[in-house]
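A.B. asks: return atomic coordinates for the entry below.
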Amino acid sequence: MSKERERIEETEGTIRSEFAHVVQVFFRHKLGVLGLVMLVAFVAIAIFAPVVAPCDPYEMDLANPFLPPGSPGHILGTDNFGRDMLSRLIYGSRISLLIGIVVVSISSVLGSLLGMVAGYYGGWVDALVMRLVEVFYSFPFLILVIAVMAILGPSIFNVMWVLGVVSWPLYARLVRAQVMALKSEDFIKAASALGCSDARIMFRHILPNVLTPVIVSATLGIPSAILSSASLGFLGFGVQPPTPEWGAMVSEAKDFMLINSNMIIWPGLCIFLVVLSFNFVGDALRDALDPRLAKQLN
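C.D. replies: Residues are numbered from 1 along each chain as shown. Coordinates of the predicted model:
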């Protein structure tokens, strides 16, 4: 029992040491830290939107449309219906961040499962999954999404699951390549020789070893999902007005660019900052989790 306890403690110590090293390398990445601070700020604003927002984002004041920034009671001005721009941006952060996280969660889980099964079993299973990947890649991404959205109708629920289902091939190919390299390793052969089931080998021994590239890809995939949802909102296939969503706000503002350019500048700036912050964090995570890059940064 004492030897077993010592082995467990040694393993836990190794995990803590590796985690501390990853955190140390990450925080040496200045742009990554900047991106993390920006993300924390956006998430905090989204969570506490009812407290932070100065006005009701749906409340109209038709007597005061197109107020400029700095107007009394409206720090960023108002839109064409007299709604407070700052409040709509704050509530819009909830929807945009939710879409990005849910889309990546769906696509990464679905793609990882299919990629792991394809890489582990090979043969006709691998051929079937890879043919599906090729079919999805043969269609232009945005055209395929628009076509499906036109059939199902615009709604936030449809935006999330359609983008998630269409985005899985990236993760499937990534995980498949990792699994094909891992399944010939000695520890996998040893687990198989000991009588472990395929499910146990895949989820207990293989999955933890392929999570690192999946996490990095997911971090970089969230801004792509936010941009895709914003594009759908701009084209009228995403979240519908009067729901405050950054892409939909840009779509509403395009008709009033010459009258009040602030309507399109603020939501566009929010999209830019969130996408940029996720990219910074993704780059820093890639550097911290890649042993070769991490060694160069030490």
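A.B. asks: and residue 59, what element?
C.D. replies: Here residue 59 sits in a region with no helix or strand, counting by DSSP states H and E.
A.B. asks: once you drop chain neighbours, what's closest to it?
C.D. replies: Distance criterion CB to CB, 6 or more residues apart in numbering; nearest residue to residue 59, sequence neighbours excluded, is residue 83 at 6.5 Å. Bear in mind the C-beta positions are built from the backbone N, C-alpha and C, glycine included.
A.B. asks: and for residue 141?
C.D. replies: Per CB to CB, 6+ apart, closest to residue 141 is residue 166, 6.7 Å.
A.B. asks: do a quick rundown of the helices in the stretch 51-200 of the chain.
C.D. replies: 85-121, 123-137, 141-152, 156-166, 168-182, 186-193, 198-200 (DSSP state H, counting those that start in this stretch).
A.B. asks: and the first one, which residues are buried?
C.D. replies: Across helix 85-121, burial judged by 16 or more other CB atoms under 10 Å covers 85-97, 99-104, 106-108, 110-120.
A.B. asks: any idea how far that helix is from the middle of the chain?
C.D. replies: In this view, helix 85-121 has its centroid 5 Å away from the chain centroid, taken as CA atoms, centre = their mean, to the nearest Å.
A.B. asks: now it against helix 123-137, angle please.
C.D. replies: 150 degrees (axes from the mean of the first three to the mean of the last three CA atoms, to 10 degrees).
A.B. asks: circling back to that earlier point, mind checking how far the residue nearest to residue 141 is from residue 246?
C.D. replies: For residue 166, the distance to residue 246 (CB to CB, to the nearest Å) stands at 21 Å.
A.B. asks: which of the two has more residues huddled nearby?
C.D. replies: Taking neighbours as other CB atoms under 10 Å, residue 166 and residue 246 compare with residue 246 leading, 28 against 19.
A.B. asks: can you give me phi and psi for that one?
C.D. replies: Dihedral pair for residue 246: phi -60, psi -40, per degrees, to the nearest 10.
A.B. asks: list the contacts of the residue nearest the centre of the chain.
C.D. replies: The centroid of the chain falls nearest to residue 222 when counting by CA atoms, centre = their mean (2.0 Å). Residues near residue 222 by CB atoms under 8 Å, 6 or more residues apart in numbering: 100, 101, 103, 104, 278.
A.B. asks: how much space between the nearest residue to it once chain neighbours are set aside and residue 232?
C.D. replies: Leaving aside its chain neighbours, residue 222 sits nearest to residue 100 (4.1 Å; criterion: CB to CB, 6+ apart). Using CB to CB, one gets 13 Å for the distance from residue 100 to residue 232.
A.B. asks: next one: residue 142
C.D. replies: Taking CB to CB, one finds residue 142 at 8 Å from residue 232.
A.B. asks: so between these two, which is more surrounded?
C.D. replies: Using other CB under 10 Å, the more surrounded residue of residue 142 and residue 232 is residue 232, with 26 against 14.
A.B. asks: leaving out sequence neighbours, find the closest residue to the more buried one.
C.D. replies: residue 238 (3.5 Å).
A.B. asks: so that neighbour, which of the three states?
C.D. replies: Secondary structure for residue 238, judged by DSSP: H, G, I helix; E, B strand; the rest coil, is coil.
A.B. asks: return the member of the contacts of residue 222 nearest to residue 32.
C.D. replies: residue 278 (10.8 Å; CB to CB).
A.B. asks: what residues are up against the closest residue to residue 102 other than its chain neighbours?
C.D. replies: Among residues not flanking residue 102 along the chain, residue 160 sits closest, at 4.6 Å (CB to CB, 6+ apart). Residue 160 sits next to 98, 99, 102, 103, 106 when contact means CB under 8 Å, 6+ apart.
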